[in-house]
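Engineer: how would this look folded up:
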Amino acid sequence: MDENRSSQCSQRELDALLHARVIYLATVRKDGNQSKAARLWFTTTSDRTILIQSGHGAWHTQRIRRGSPVIVWIGSLRGFAFIGTAELSDDPRVIEQIVKDFRRKYLMARLGFHRPTTSSFERGDRLAIKVTLCRVLPDGFMSQPGAPAPSVAGAAEVD
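Structural biologist: Coordinates of the predicted model:
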């Protein structure tokens, strides 16, 4: 796959996103290197935005707060990868979708374990995060904590 490939997702990549149970998310440290990828539950919106939730003290949350790009692998650390932007959101619709979708998608959430609730967001125990794809990374792009991260600069916006 060409490093300068368009940011558009192929049908194969969209299918991977729709069928995956988890994503792996790494942030970019202040020194420009990748962090260790964290395995996270997620849901998606109709416009392909990925929604996740996390604690306010998590390293990836702190880096996203300061504007770090994110590197995301879909389904596994060897899966389809992209670099994107992430932002914290207090939009009640985003929070409601996370709460509703996680309960539907994940058995452990249905059973009451690790289940996000509206009140946990209101108390600040959990934060909603929106991840937007900027640029698809080459096939085989792997997580390498401590290695230089790819750049979002110059990436075309995804429709």
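Engineer: helix/strand/coil for the most centrally placed residue in the chain?
Structural biologist: In the chain, the centroid-proximal residue (CA atoms, centre = their mean) is Val131; its distance is 5.0 Å. Using DSSP: H, G, I helix; E, B strand; the rest coil, the three-state assignment for Val131 comes out as strand.
Engineer: Per-residue pLDDT of Gly112, please?
Structural biologist: Per-residue confidence for Gly112 comes out at a pLDDT of 71.
Engineer: What's the separation between it and Tyr106?
Structural biologist: Separation of Gly112 from Tyr106 (CB to CB, to the nearest Å): 11 Å. (Glycine included, C-beta is placed from N, CA and C.)
Engineer: Of these two, give the one with the bigger neighbour count.
Structural biologist: With other CB atoms under 10 Å as the criterion, Gly112 and Tyr106 differ in neighbour count, and Tyr106 comes out ahead with 18 against 9.
Engineer: Thr43 is in contact with that one, correct?
Structural biologist: No - counting by CB atoms under 8 Å, Thr43 is not a contact partner of Tyr106; they are 9.6 Å apart.
Engineer: hang on, the earlier thing: how about the nearest residue to the residue nearest to the centre of the chain, chain neighbours excluded?
Structural biologist: Residue nearest to Val131 in three dimensions, not counting chain neighbours: Ile50, with 4.1 Å by CB to CB, 6 or more residues apart in numbering.
Engineer: What score does the one you found have for pLDDT?
Structural biologist: The predicted structure scores Ile50 at 94 on the pLDDT scale.
Engineer: same thing with Glu157?
Structural biologist: Reading off the per-residue confidence, Glu157 sits at a pLDDT of 39.
Engineer: sorry, back to before: identify the bridge partners of the residue nearest to the centre of the chain.
Structural biologist: With DSSP bridges as the criterion, Val131 is bridged to Ile50, Ala86.
Engineer: Shouldn't Thr27 be within a strand?
Structural biologist: Yes - residue assignment for Thr27, taken from three-state DSSP, places it within a strand.
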